[in-house]
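In: quick one, what's the 3D model for this:
(2 chains)
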Amino acid sequence: MKPLIIEKTEETPEIILNPDTNTYKISYRSLPENANGFYAPVFQWLEEFAQSPIEDIQFVFELEYFNTASAKQIAKILLILEKIYQKTDLEIVWRYKKEDVDMMSSGIRYSKLLDVEFSLEEVPDN
Amino acid sequence: MEGEKLEDITYSFKLFEGMQRDNLGYIYRGLFTQNITDNIISLAENNLETSGESSKIKKRVFSIMVECLQNVTRHQAPKDVPVNDPEQAGIFVIQNHNQAYQITSGNVIEKNLIPGLQGMLEQINSLEKEELKAYYKKILEDGSISDKGGAGLGLIEMARKSGNKLFFDFKDLSSQLSYFYLHTAISKDSENSFDSIDLNNIKNLHEIIIQKNIMLIFNGCLNQDSLISLLSIIESQSIGAVEVKKKLFNIMVEMLQNIVKHGEKKDDEMGGNPGIFFLSENENSYTLSTGNYIAKETVEPFSEKLDHVNSLEGDDLDMFYTKRLLNFDIDSSKEAGLGIIDLRMKSGSKLLYSFSDVNDSISFFSLQVTI
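Out: Residues are numbered from 1 along each chain as shown, chains lettered A, B, ... in the order given. This is a model prediction of the structure:
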């Protein structure tokens, strides 16, 4: 499957979905006005990927900030990942900067909603 | 306490109403840095781009804005003046009224510099277009550039570009310091020039801004681009703790995106939904206020949603957030959106709001969040 790479902007995250290198990561920040539109290609990619996922996937979220419109889209992504988890080994890694309580609690909230391997990782603040 | 706060939100609406007559109004008060200046300019750019203004006028507005902002940045802190004193902080105002873009800047000045400055301004004002050009060349050739890089070239440029006189005023601050107001008008129609402009309105507005400790007022069409510029201005501020700044940022995004997504237009405004945003600082807290039009028929259901969110606390609020997080059918819901719930959670207090009638089909919605 072709990788999906979206570069970060002031208002949208960097997205790397690359089976060639086995890297799956969403990072930086997400506050698009039209979150639905921005994440549409991501869902499309993941739905297709979910048909025949490869083994041993680590899906990383390393966001500094997201708006509520993006919060819903992230929930949707996580629900697709939960489906993939039923087929193959998949771990969700939720990274947050040291002392970023908001990002930590968002991670905890999502982890409670899902039946999937989910780990929270604190990373140093720069 | 609650009563006092509600009075305050009505006051906000008055300020909104006052500014709403202009279709662009923007006030920044505080420390001026390159980054903040850049964002103030891109904000105005964004609004002018969608205003259908001729490129000649736009260019003039930009170059005068740049000169003004550079003036304030250079002169904002004379020796021994604490920049964080609200009364002495620099100010920049751009408004659109009387068929002209009205730009005002203000900064403290040492009193002993006033005669020189005043002389220069009067000299510039006494010259006609061609004479100004010659005067500009003369100063360039004389090479008498002041240690702050000025020599009045910027002022001459402003006079030339605006096609109007430079208007100015001073306000006494102390035995050594005064406040200097500089005002330029860029007429949209060159036939329409200004002989005199009373700066008392601006001085009064400045008083209110100091009293309420307002850092930023934006009144114009809101879209994602203006939102990003406003956010960058906040990010560049030296606001206390990192968490506070972050919270401010988060709350601003939700409040302003609400206007971008759900605001109504009253007339045929282009380039976004008309709205007002302002930020003020109080002792150890920040207050964010927004105002925008909404369709009258949505006032009642929207009030119910807000009241419901306000009635929830702690775990109930948290559960409500999760429930709404997993609801993916947009816009059809009878329950409050995630943004409103998020504002309530982040602010830690009840959301203050009010509605005012504008006409038969439209109301004005004010929302205030304090952190």
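
In: enumerate the residues of chain A near chain B.
Out: With C-beta under 8 Å from any C-beta of the partner chain as the criterion, chain A comes near chain B at residues A:10-11, A:31-33, A:36, A:65, A:67-69, A:71-72, A:75-76, A:99-102, A:109, A:113. Every C-beta, even on glycine, is put in place using the N, C-alpha and C of the backbone.

In: residue contacts, residue B:371?
Out: For residue B:371, the contact set (C-beta atoms under 8 Å, 6 or more residues apart in numbering or on different chains) comprises B:244, B:247-248, B:251, B:285-286, B:288, B:346-348.

In: give me the buried subset of those.
Out: B:247-248, B:251, B:286, B:288, B:346-347 (16 or more other C-beta atoms under 10 Å in any protein chain shown).

In: which members of those are the farthest-apart pair?
Out: Checked with C-beta to C-beta, the buried ones among the contacts of residue B:371 reach their widest spread between B:286 and B:346, with 12.0 Å between them.

In: ok, back up a step: out of the buried ones among the contacts of residue B:371, which sit inside helices?
Out: Counting by DSSP state H, the part of these found in helices is B:247-248, B:251, B:346-347.

In: related to what we said a few turns ago, overlap between the contacts of residue B:371 and the residues near chain A?
Out: Okay, of these, nothing touches chain A (C-beta under 8 Å from any C-beta).

In: give me the low-pLDDT residue ranges for the chain?
Out: The chain I'm using is chain A. The model of chain A has pLDDT under 70 over residues A:126.

In: chain B was what I was after
Out: In chain B (pLDDT under 70), the answer is B:1-24, B:78-84, B:143-151, B:270, B:330-334.

In: and it, which residues reach chain A?
Out: Contact residues (C-beta under 8 Å from any C-beta) of chain B with chain A: B:223-224, B:227-228, B:243, B:246, B:249-250, B:253-254, B:257, B:260-261, B:321-322, B:325-326, B:328, B:330, B:337-339, B:341-342.

In: now a ChimeraX select for only the buried ones of the residues you listed.
Out: The buried residues among those can be selected in ChimeraX (16+ other C-beta under 10 Å) with this line:
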select /B:223,224,227,228,246,249,250,253,254,257,260,321,325,337,338,339,341,342
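
In: quick one: the helices in the stretch 51-200 of chain B?
Out: B:55-75, B:114-125, B:129-142, B:153-162, B:200-211 (DSSP state H, counting those that start in this stretch).

In: could you do chain A as well?
Out: Using DSSP H, helices in chain A cover A:35-51, A:68-85, A:101-113.

In: what helices and strands are in contact with the last one?
Out: If I follow you right, that is helix A:101-113. Contacts defined by 3 or more C-beta pairs under 8 Å, 6 or more residues apart in numbering or on different chains; DSSP states H and E place helix A:101-113 against strand A:57-66, helix A:68-85, strand A:90-97, strand A:117-123, helix B:242-262, helix B:314-325.

In: show me how far the helix or strand following the fifth one is from its chain's centre.
Out: Next in sequence after helix B:242-262, counting helices and strands by DSSP states H and E, comes strand B:273-282. When C-alpha coordinates are averaged (C-alpha atoms, centre = their mean, to the nearest Å), strand B:273-282 and its chain have centres 8 Å apart.

In: give me the number of residues near residue 71?
Out: Picked chain A for this. Residues lying near residue A:71 (other C-beta atoms under 10 Å in any protein chain shown) number 21.

In: correction: the question concerned chain B.
Out: If we define neighbours as other C-beta under 10 Å, then residue B:71 has 23 of them.

In: so who does it touch?
Out: Residue B:71 touches B:105, B:107, B:150, B:154, B:182, counting by C-beta under 8 Å, 6+ apart.

In: would you turn the residues you listed into CSV with neighbour count?
Out: Formatted as CSV, the contacts of residue B:71 follow (neighbours: other C-beta atoms under 10 Å in any protein chain shown):
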residue, neighbour count
B:105, 27
B:107, 23
B:150, 16
B:154, 17
B:182, 22
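
In: turn those into a markdown table, columns for distance to residue B:94.
Out: As requested, those are exported to a markdown table (distance: C-beta to C-beta, whole Å):
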| residue | distance to residue B:94 |
| --- | --- |
| B:105 | 10 |
| B:107 | 16 |
| B:150 | 22 |
| B:154 | 17 |
| B:182 | 13 |
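
In: wait, residue A:6 sits on residue A:25?
Out: No. Judged on C-beta atoms under 8 Å, residue A:6 makes no contact with residue A:25 at a distance of 11.0 Å.

In: any residues in contact with both of those two?
Out: Common neighbours of residue A:6 and residue A:25, counting by C-beta under 8 Å, 6+ apart, are A:14-15.

In: tabulate the helices and strands packed on helix A:101-113 (JSON lines), appending distance to residue B:122.
Out: Formatted as JSON lines, the helices and strands packed on helix A:101-113 follow (distance: least, C-beta to C-beta, whole Å):
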{"stretch": "strand A:57-66", "distance to residue B:122": "51"}
{"stretch": "helix A:68-85", "distance to residue B:122": "55"}
{"stretch": "strand A:90-97", "distance to residue B:122": "56"}
{"stretch": "strand A:117-123", "distance to residue B:122": "61"}
{"stretch": "helix B:242-262", "distance to residue B:122": "43"}
{"stretch": "helix B:314-325", "distance to residue B:122": "62"}
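
In: for residue B:294, which three-state class applies?
Out: strand (DSSP: H, G, I helix; E, B strand; the rest coil).

In: which single residue in the stretch 101-250 of chain B comes nearest to chain A?
Out: In the stretch 101-250 of chain B, the residue found nearest to chain A is residue B:224; the distance is 4.2 Å by C-beta to the nearest C-beta.

In: state the distance from the nearest residue to that residue once chain neighbours are set aside to residue B:251.
Out: In space, and not counting its chain neighbours, residue B:224 is closest to residue A:33: 4.2 Å by C-beta to C-beta, 6 or more residues apart in numbering or on different chains. To residue B:251, residue A:33 is 17 Å away according to C-beta to C-beta, to the nearest Å.
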